[in-house]
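Chemist: here is the input, now give the coordinates:
(chains A and B)
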Amino acid sequence: MQKDIKISVFEVVGSPLCVASDDGQKVHDRLAIALKKARRVLLSFHNISTMTSAFLNAAIGQLYGSFTEEQIRSLLKVEDIEPEDAALLKRVVETAKLYFSDPKRFDQVVNETREEVNGDT
Amino acid sequence: MRFFLPQQVCHDYRGFEALTQIYSQAEEYFLEEIEIDMGSTFWLDADMCAVFGAILYSLGDNLNTVNLVNVQPSVERILSKNGFLSHYGRVKIPDSWGTTIAYQRFDVTDDRFFSGYIEAEFIHRIEMPEMSTGLLKKFRESIFEIFSNAVLHSRTRLGIFSCGQFFPRRNKLDFTVADLGVGIRQNVCEYTGLNLSASQAIAWATVEKNTTKGGSVPGGLGLKLLGEFIDLNGGSLQIVSDDGYWQRVNRNSSSYSLGHRFPGTVVNIEINTADTHSYVLTSELDVDDIF
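Modeler: Prediction:
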């Protein structure tokens, strides 16, 4: 059996501040390679103090555009993440699932806004 | 050409009207000498330096020479302490009370530089108000969300400007980020095809899951998170983009149209530093249940 791969976010980003989308992309690229090879990944947030939704969207949210929910669930695990950061990650994941799974939703939002705007005028 | 600032420039509707009016009158100038007469101005909210600086930088980009004249001593003092007047020929003076958060300009590629600035201004300063660990973490995240939004959406070539001020007696901390980008209205209209006014476009962008971040990376959470934090904290959030003015105070959002446009987007966050809300989750999330 192949060993799990451990990726340290701190090591990839080089800072406790995970705020930039570009840094998230670096994490994503490593994750994507491992997941494509069906390797199990342990993503460590050890020593990370601050995260933004922009970083997490790039690092993890966009994985849902290339991999199924089942693949990600079975292959990706996180550790050493603060409870508040885990809550933010969960919201990013929920948003990403919606973003990629329901393309019609976008048209619906636009149509709803159009109706609201027309109603106001 | 001389323009006059009013008696007060606060981060409110009238403050934005005053600054955007100057921009609207001077935006077509090229190779002119522009004087901003501050002789009547006895109060300028320091965080509004981000907005003022962005406008003056934009005018400077047209090779105009900008001078600030007749600056009142009280205003000169605070704008010298936060480094704003250093950009206009004055000397920076020490901030003995430590209530200013320096005025800075960043490029969109300056993420790391911005992070260092926030660390230096908010973390490694003994003068900062005592905030709970949870509040400080949420506040920093909020500031980074604002900066990330500017980086991701503004498409600015002129930069991102920031400035802040702490008011110890009022337990308030204001921080403003302004970008000279395309503005929220253009982004929303290009992406959705909707013909919204600027204030409608801002309101649209603050709704969770509404995003102009197309392509492979999802978005649509940043401004919503900011609003949620402000609701819990008892502070306020203000967004100005183009001629749209939107604010959220006491869990209520309202929007208006300005008489003139700002050439980009401004986000101001005011936090209540005496907030004792823990920001710690009552029930812990199972990390195996995230995906």
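
Chemist: which positions within stretch B:6-22 qualify as buried?
Modeler: When neighbours are counted by 16 or more other CB atoms under 10 Å in any protein chain shown, the buried residues of stretch B:6-22 are found to be B:Pro6, B:Val9, B:His11, B:Gly15, B:Phe16, B:Ala18, B:Leu19, B:Thr20, B:Gln21, B:Ile22. (Glycine included, C-beta is placed from N, CA and C.)

Chemist: and for stretch A:66-82?
Modeler: Buried, per 16+ other CB under 10 Å, within stretch A:66-82: A:Phe67, A:Gln71, A:Ile72, A:Leu75, A:Leu76, A:Lys77, A:Val78, A:Asp80, A:Ile81, A:Glu82.

Chemist: now stretch B:177-195
Modeler: Applying 16+ other CB under 10 Å to stretch B:177-195 flags B:177-189, B:192, B:194 as buried.

Chemist: ok, stretch B:284-291 next?
Modeler: For stretch B:284-291, the neighbour count (16+ other CB under 10 Å) marks B:Leu285, B:Val287, B:Ile290, B:Phe291 as buried.

Chemist: equivalent analysis for stretch A:13-31, please.
Modeler: A:13, A:15-21, A:23-24, A:26-28, A:30-31.

Chemist: that stretch near chain B at all?
Modeler: Yes. Legend: contact between stretch A:13-31 and chain B by CB under 8 Å from any CB of the partner chain is shown at A:Ser15, A:Leu17, A:Val19, A:Ala20, A:Ser21, A:Asp22, A:Asp23.

Chemist: near chain A, which residues of the stretch 151-291 of chain B?
Modeler: Proximity of the stretch 151-291 of chain B to chain A (CB under 8 Å from any CB) is limited to residues B:151-152, B:192-196, B:200, B:204, B:208-211, B:213, B:216-222, B:225, B:279-281, B:284-285, B:287-291.

Chemist: just those residues: which are in helices?
Modeler: Of the positions in those, B:Val151, B:Leu152, B:Thr192, B:Gln200, B:Trp204, B:Gly222, B:Leu225 sit in helices, assigned by DSSP state H.

Chemist: all helices of chain A, in order?
Modeler: Under the criterion DSSP H, chain A contains helices at A:9-13, A:21-36, A:53-59, A:69-75, A:83-101, A:103-120.

Chemist: chain B: strands as residue ranges?
Modeler: B:2-4, B:8-9, B:33-37, B:43-44, B:65-69, B:100-106, B:160-167, B:172-179, B:236-249, B:252-272 (DSSP state E).

Chemist: name the residues of stretch B:252-264 that come out as buried.
Modeler: Buried, per 16+ other CB under 10 Å, within stretch B:252-264: B:Ser255, B:Leu258, B:His260, B:Arg261, B:Phe262, B:Pro263, B:Gly264.

Chemist: and it, C-alpha only, in PDB?
Modeler: Taking C-alpha atoms only, stretch B:252-264 is exported to PDB below (Å, rounded to 0.1, in the frame of the first residue of the first chain):
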ATOM      1  CA  ASN B 252     -29.100  46.900   8.300                       C
ATOM      2  CA  SER B 253     -27.800  47.600   4.800                       C
ATOM      3  CA  SER B 254     -28.600  50.800   2.900                       C
ATOM      4  CA  SER B 255     -27.400  52.300  -0.400                       C
ATOM      5  CA  TYR B 256     -27.300  55.600  -2.100                       C
ATOM      6  CA  SER B 257     -26.000  57.200  -5.200                       C
ATOM      7  CA  LEU B 258     -23.200  59.800  -5.000                       C
ATOM      8  CA  GLY B 259     -23.300  62.900  -7.100                       C
ATOM      9  CA  HIS B 260     -19.900  62.000  -8.600                       C
ATOM     10  CA  ARG B 261     -17.900  58.800  -9.100                       C
ATOM     11  CA  PHE B 262     -14.900  57.400  -7.400                       C
ATOM     12  CA  PRO B 263     -12.600  55.800  -9.900                       C
ATOM     13  CA  GLY B 264     -12.400  52.400  -8.300                       C
END
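
Chemist: report the two of the ones in helices among the residues of the stretch 151-291 of chain B next to chain A separated the most.
Modeler: With CB to CB as the measure, no two of those lie farther apart than B:Val151 and B:Gln200, at 24.1 Å.

Chemist: so between the two, which is more surrounded?
Modeler: Taking neighbours as other CB atoms under 10 Å in any protein chain shown, B:Val151 and B:Gln200 compare with B:Val151 leading, 25 against 22.

Chemist: okay, B:Gln104 and A:Asp22: tell me how far apart.
Modeler: 20 Å (CB to CB, to the nearest Å).

Chemist: from the buried residues of stretch A:66-82, which land in strands?
Modeler: A:Leu76, A:Lys77, A:Val78.

Chemist: as a markdown table, the residues you listed with distance to B:Tyr245 would be great.
Modeler: Output for those, formatted as a markdown table (distance: CB to CB, whole Å):
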| residue | distance to B:Tyr245 |
| --- | --- |
| A:Leu76 | 42 |
| A:Lys77 | 45 |
| A:Val78 | 40 |
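
Chemist: near chain B, from these?
Modeler: A:Leu76, A:Lys77, A:Val78.

Chemist: tell me the bridge partners for the first one.
Modeler: In this structure, A:Leu76 has the following beta-bridge partners (DSSP bridges): A:Val41.

Chemist: hmm, it is touching A:Leu31, no?
Modeler: Yes. A:Leu76 is in contact with A:Leu31 according to CB atoms under 8 Å; the separation is 6.9 Å.

Chemist: common neighbours of those two, please.
Modeler: A:Val41, A:Leu43, A:Ile60, A:Leu63 (CB atoms under 8 Å, 6 or more residues apart in numbering or on different chains).

Chemist: and the third one, how many residues sit next to it?
Modeler: Residues lying near A:Ile60 (other CB under 10 Å) number 24.

Chemist: tell me the phi and psi of it?
Modeler: Main-chain dihedrals, A:Ile60, degrees, to the nearest 10: phi -120, psi -40.

Chemist: that one against A:Glu94, yeah?
Modeler: No. Applying CB under 8 Å, one finds A:Ile60 not in contact with A:Glu94, separated by 11.6 Å.

Chemist: could you report the pLDDT at A:Thr113?
Modeler: pLDDT recorded at A:Thr113 is 69.
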